[in-house]
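Asker: Fold the stuff below for me.
(4 chains)
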Number of protein chains: 2
Amino acid sequence: MDTGDIERCSFLCVHEDVVRQVTAEMPDDEKLYDLAELFKVFGDSTRIKILYALFEAELCVCDIAQLLGLTQSAVSHQLRVLKSGRLVKPRKDGKTVFYSLADDHVRTLIAQGMEHINE
Amino acid sequence: MDTGDIERCSFLCVHEDVVRQVTAEMPDDEKLYDLAELFKVFGDSTRIKILYALFEAELCVCDIAQLLGLTQSAVSHQLRVLKSGRLVKPRKDGKTVFYSLADDHVRTLIAQGMEHINE
DNA sequence: CTAACATATGAACAATCAATCATATGTTTG
DNA sequence: CAAACATATGATTGATTGTTCATATGTTAG
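Answerer: Next up, the predicted model:
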């Protein structure tokens, strides 16, 4: 509830003014939680590979499975995660379901990440 | 080793030409793995909070602990993760260690993430 | 309708991980 | 040097998660 008189950092070296200022500027906990959830979706190499593959073309589940050497089931499970994070969107055509990137944030985010990786 | 004649997607619906093209464009596995590792660092609400706090000001471990209502130990552990991902950098001043954002990719990535969250 | 196919879903298990507790390292003060 | 403080580290544990296997749903062809 409050950050009261618990025995955390008992011997406070805290710079109170700065802490108070930063506290005021922090977004809602819920927003920060959602943000972490979003990044969590990117935080798996299988999902990253799927997203990267979808950079190039719309693909069906079976394509992706073949492409990455994975089970159809594994791919389907991960697509579910990506879909619920609104990173990919499905297009149904008969029995097969084609997936593509949901919007350009995905591209931008991954590109930014790559930049960081490459120093 | 190879994506050979295993019983994956046994009854291939694969669109071979597209798959071959996408395969050619895929970055190295290692790069993709590193990228996932990077996002994994962002994929925890505690670490996101720490990063967001450092948006505003340079803070010491104790400040962050107080700010987020966490143990000094927990914060230190997470700072270690953030540091090894080169997202934050330490500055030592006597006993206390001040942390700040390592570079602007962090800001950009988080901002992009927030945009996605907010539709 | 039935068989074959493409995808989705559920349960289970191994692996990963964040917080906690205890303790170690390193720094300043007296 | 010793005591107090600030941070770091190691081991443990409960919770989360990605893959697998089995099976269900849904769609097309005969």
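Asker: From here on, just use CA atoms for contacts and neighbour counts.
Answerer: Will do.
Asker: Can you mark which positions in stretch A:101-113 are buried?
Answerer: Neighbour-count burial for stretch A:101-113 flags A:101-102, A:105-107, A:109-110, A:112-113 (criterion: 16 or more other CA atoms under 10 Å in any protein chain shown).
Asker: Look at residue A:87 and say how many residues are nearby.
Answerer: When counting by other CA atoms under 10 Å in any protein chain shown, one arrives at 22 neighbours for residue A:87.
Asker: What are the phi and psi values at it?
Answerer: Dihedral angles of residue A:87 (phi, psi; degrees, to the nearest 10) stand at phi -100, psi -30.
Asker: Who are the contact partners of the residue nearest to it when sequence neighbours are not counted?
Answerer: Leaving aside its chain neighbours, residue A:87 sits nearest to residue A:102 (5.0 Å; criterion: CA to CA, 6 or more residues apart in numbering or on different chains). When contacts are counted by CA atoms under 8 Å, 6 or more residues apart in numbering or on different chains, residue A:102 is found next to A:86-89.
Asker: re the thing from before, how about CSV for the buried residues of stretch A:101-113, with distance to residue A:24, secondary structure and pLDDT added?
Answerer: Below are the buried residues of stretch A:101-113 laid out as CSV (distance: CA to CA, whole Å; DSSP: H, G, I helix; E, B strand; the rest coil; pLDDT from 0 to 100):
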residue, distance to residue A:24, secondary structure, pLDDT
A:101, 36, strand, 97
A:102, 34, coil, 96
A:105, 28, helix, 92
A:106, 30, helix, 96
A:107, 32, helix, 96
A:109, 27, helix, 96
A:110, 30, helix, 97
A:112, 28, helix, 95
A:113, 29, helix, 96
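Asker: where does chain A dip in pLDDT?
Answerer: A:1-12 (pLDDT under 70).
Asker: those strands in it, which residues are they?
Answerer: Secondary structure of chain A, counting by DSSP state E: strands at A:59-60, A:88-93, A:96-101.
Asker: highest average neighbour count across the ones you listed?
Answerer: Ranked by mean neighbour count, the strands of chain A are led by strand A:59-60 with a mean of 24 (mean count of other CA atoms under 10 Å in any protein chain shown).
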